[in-house]
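A.B. asks: Output the structure for:
(chains A and B)
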Amino acid sequence: MVNSKFEMTKAFTRQDYLGRPSTLCKGCGHNSISNMIISACYELEIPPEKFVKFSGIGCSSKSAAYFLERSFGFNGLHGRMPSLAEGALFADISLKGIGISGDGDTANIGLGQFKHLARRNVPLVYIVENNGVYGLTKGQFSATAEQGLKLKRQGKNPYLPVDIAMEAIGANASFVARSFAGDPKQVKELIKAAISHEGTAILDIISPCVTFNNQDYSLHSYSWGKGHEAPLHELEFVPPRDEITIDDFERGTLREVTMHDGSVILFKKLERDYDPTNRTEAIRLLEEAIRRNWLITGLLYVDPNTPNIFEMYSMGKKPLNRLPPEKIRPNTNTLEKINQSFR
Amino acid sequence: MISKGINWGRYLDIDKDGIPYRTVPGNMHPKASYFARGTGHDEYAHYCEDPEEWERNLDRLRKKLDSAKNFTPVPILANEAGNQIGLISYGSTDMAVNEVIDQFSEDGVSIDYMRIRALPFNKSVDEFLLHHEHIFIVECNRDGQMKDILAKQYPQFAVKLISISHLDGLSLSAEWINKEISKHL
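C.D. replies: Residues are numbered from 1 along each chain as shown, chains lettered A, B, ... in the order given. So this is what the prediction gives:
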């Protein structure tokens, strides 16, 4: 089988997508997410060398070493993963970027970069492993910690939280999802859909920190997530090569969104009939979720047709890093003409 | 290299010049990738806290800096006429320095000029320091840091170095450089 967007020279095994052994705490939600990235990439049959990984700083950002060892990766500065990814992906548009960030890396120090990446629609799977604390520095509150949360040695959080999905939609992101590390099947399907998306795909994944923020009352804990998760739909990603069968779904209960590459995301209606292409509804629902204390999960919003940054700049198909110098640098005469035109 | 079965690592010094070979994203060889990280790492870019690995990497970096002397942009020599007075400068002071050299030349004082373009210093810097009796280091800098770097690296020539440095937010003017150098002539 060959994924339509990428060359395939041989069959891969799941082993080909593994990373280094994790040094994170046992039970950390980030490990579960890493496993789902491995599974999603393997099931999509995309060669691991076609991915490039980016991360900022934090426990989340360390996890980029724990999957896809055969992909290049870069652990950048705190909160600066987006600009790193944007530059690298501009240099080689044939690669698929996966960015791994955390709530501190994205919603605190990196909020500006996060929002500008989203509005530029840089083709990047942007996963926020959101646990509400700075685990790497012993559990200080991050910007996504809920108001009133009490943590050992930190006291009570006086501030209202930043809602990453809301910020993404506010920044005109073209793909916004929320999920829960305790729901690996949904995480995997969302990652597959995000990889297929040709713009910025934001996945805000609640990923409990078992060491510093896993108390039953915490909005980022396993028990709270399991008790309050409200999936919008059951979703299934169907790659372009596969025929859609709806044996498992009753007719009239399905929604479909066709992605740019011909793949389809199938949404099975659960309690509510949610339209993930309706931005206004996504904002309304997120507001309602805040009021009602729901952990809404699923694909909140998608617009597969928003032009991405490479389309905005009319980039050629050949990656810049494969072009010879004479193709990317004006010769002396041309440069002189350009300079003269400014005099 | 990797295809030929040579053991490659991002920080592995294969040919002993301290400068490892690098692969870039887009290279599709299964062994070409590496994870560039901010923490300690071994020669294969894997996370590592082993003190011996750490020391080996730092020693390699020293060797890399030494090797880099042969590859960094060479200084530009202007008006090299075997004069006793030399002038070293760098960056945006270049135009003002050239003007000053012309001014002194009109007054019958000939100065050799070397514009440094990179650190670590190329071998030609050693030569320039060796063959001049008085060397003015002209720089747009509060502390005269280039002079300090040269003095530290070439202590045998430190007494020849005369710092002409100034920082007020504007480029150095030929008038100011001329006035300061004249105090020493």
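A.B. asks: so how many other residues sit close to residue 92?
C.D. replies: I went with chain A, as the question did not name one. A:Asp92 sits with 17 neighbouring residues when counted by other C-beta atoms under 10 Å in any protein chain shown. C-beta: built from backbone N, CA, C; applies to glycine.
A.B. asks: Chain B, not that one
C.D. replies: Neighbours of B:Ser92 (other C-beta under 10 Å): 10.
A.B. asks: give the contact list for the nearest residue to it once chain neighbours are set aside.
C.D. replies: Leaving aside its chain neighbours, B:Ser92 sits nearest to B:Ser171 (5.8 Å; criterion: C-beta to C-beta, 6 or more residues apart in numbering or on different chains). The neighbours of B:Ser171, taking C-beta atoms under 8 Å, 6 or more residues apart in numbering or on different chains as the test, are B:Ser92, B:Thr93, B:Ala96, B:Cys140.
A.B. asks: In chain B, mark out all the strands, start to finish.
C.D. replies: Secondary structure of chain B, counting by DSSP state E: strands at B:35-36, B:76-78, B:85-90, B:111-116, B:134-139, B:161-165.
A.B. asks: so how many other residues sit close to A:Leu149?
C.D. replies: As a measure of burial, A:Leu149 has 22 neighbours, counting by other C-beta under 10 Å.
A.B. asks: close enough to count as contact, it and A:Gly155?
C.D. replies: No. The pair A:Leu149 / A:Gly155 is not scored as a contact, 9.7 Å apart, by C-beta atoms under 8 Å.
A.B. asks: ok so, going back, ok, which of the strands of chain B comes nearest chain A?
C.D. replies: Among these, strand B:35-36 comes nearest to chain A, with 3.8 Å by C-beta to the nearest C-beta.
A.B. asks: and A:Lys53, that one's in a strand?
C.D. replies: Yes. Applying DSSP: H, G, I helix; E, B strand; the rest coil, one finds A:Lys53 inside a strand.
A.B. asks: Give me every residue in the stretch 1-150 of chain A lying close to chain B.
C.D. replies: For the stretch 1-150 of chain A, the residues in contact with chain B (C-beta under 8 Å from any C-beta of the partner chain) are A:16, A:20, A:23, A:47-50, A:52-53, A:57, A:64-65, A:69-75, A:88, A:91-92, A:94-95.
A.B. asks: if we go to 10 Å?
C.D. replies: Listed as neighbours of chain B in the stretch 1-150 of chain A under the rule C-beta under 10 Å from any C-beta of the partner chain: A:7, A:9, A:16, A:19-21, A:23, A:47-53, A:55, A:57, A:61-62, A:64-66, A:68-78, A:88-89, A:91-92, A:94-95, A:97.
A.B. asks: ok, of these, which come out buried?
C.D. replies: Neighbour-count burial within the residues of the stretch 1-150 of chain A next to chain B applies to A:16, A:19, A:47-53, A:55, A:57, A:61-62, A:64-66, A:68-76, A:78, A:88-89, A:91-92, A:94-95, A:97; the criterion is 16 or more other C-beta atoms under 10 Å in any protein chain shown.
A.B. asks: Give the rounded mean pLDDT of stretch B:53-67.
C.D. replies: Mean per-residue pLDDT for stretch B:53-67: 94.
A.B. asks: Could you point out which residue ranges in chain B have low pLDDT?
C.D. replies: Along chain B, the parts satisfying pLDDT under 70 run over B:79.
A.B. asks: and it, what are its domains?
C.D. replies: Domain ranges of chain B: B:1-68, B:76-182, per automatic domain parsing.
A.B. asks: Need phi/psi at the most centrally placed residue in chain B.
C.D. replies: For chain B, the residue nearest the mean C-alpha position is B:Leu119 (1.3 Å; C-alpha atoms, centre = their mean). Main-chain dihedrals, B:Leu119, degrees, to the nearest 10: phi -110, psi 150.
A.B. asks: Now do it against B:Pro73, distance only.
C.D. replies: From B:Leu119 over to B:Pro73 the distance is 10 Å, taken as C-beta to C-beta, to the nearest Å.
A.B. asks: again with A:Ala193
C.D. replies: 49 Å.
A.B. asks: So these two - more neighbours on which side?
C.D. replies: A:Ala193 (27 against 9).
A.B. asks: tell me the pLDDT at that one?
C.D. replies: So A:Ala193 comes in at 97 (pLDDT).
A.B. asks: just checking, it touches A:Ile265?
C.D. replies: Yes. If you go by C-beta atoms under 10 Å, A:Ala193 and A:Ile265 touch, sitting 4.9 Å apart.
A.B. asks: tell me the contacts of A:Asp183?
C.D. replies: A:32, A:36, A:189-190, A:205-206, A:225-226, A:229, A:231, A:295, A:297-298 (C-beta atoms under 10 Å, 6 or more residues apart in numbering or on different chains).
A.B. asks: One more: A:Val210?
C.D. replies: A:Leu24, A:Cys25, A:Lys26, A:Gly27, A:Cys28, A:Gly29, A:Asn131, A:Gly135, A:Ser221, A:Tyr222.
A.B. asks: List the contacts of the fifth one.
C.D. replies: Spelled out, that is A:Cys28. A:Cys28 touches A:22, A:34, A:59-60, A:63, A:129, A:131, A:135, A:181, A:207-211, A:214, counting by C-beta under 10 Å, 6+ apart.
A.B. asks: switch to 7 Å and redo it
C.D. replies: Contacts for A:Cys28 (C-beta atoms under 7 Å, 6 or more residues apart in numbering or on different chains) come out as A:Cys209, A:Val210.
A.B. asks: Ok, the second one next?
C.D. replies: Contact criterion C-beta under 7 Å, 6+ apart gives A:Val210, A:Thr211 as the residues in contact with A:Cys25.
A.B. asks: the longest helix in chain A is where?
C.D. replies: What stands out as the longest helix in chain A, according to DSSP state H, is helix A:29-44.
A.B. asks: With that, I have no additional questions.
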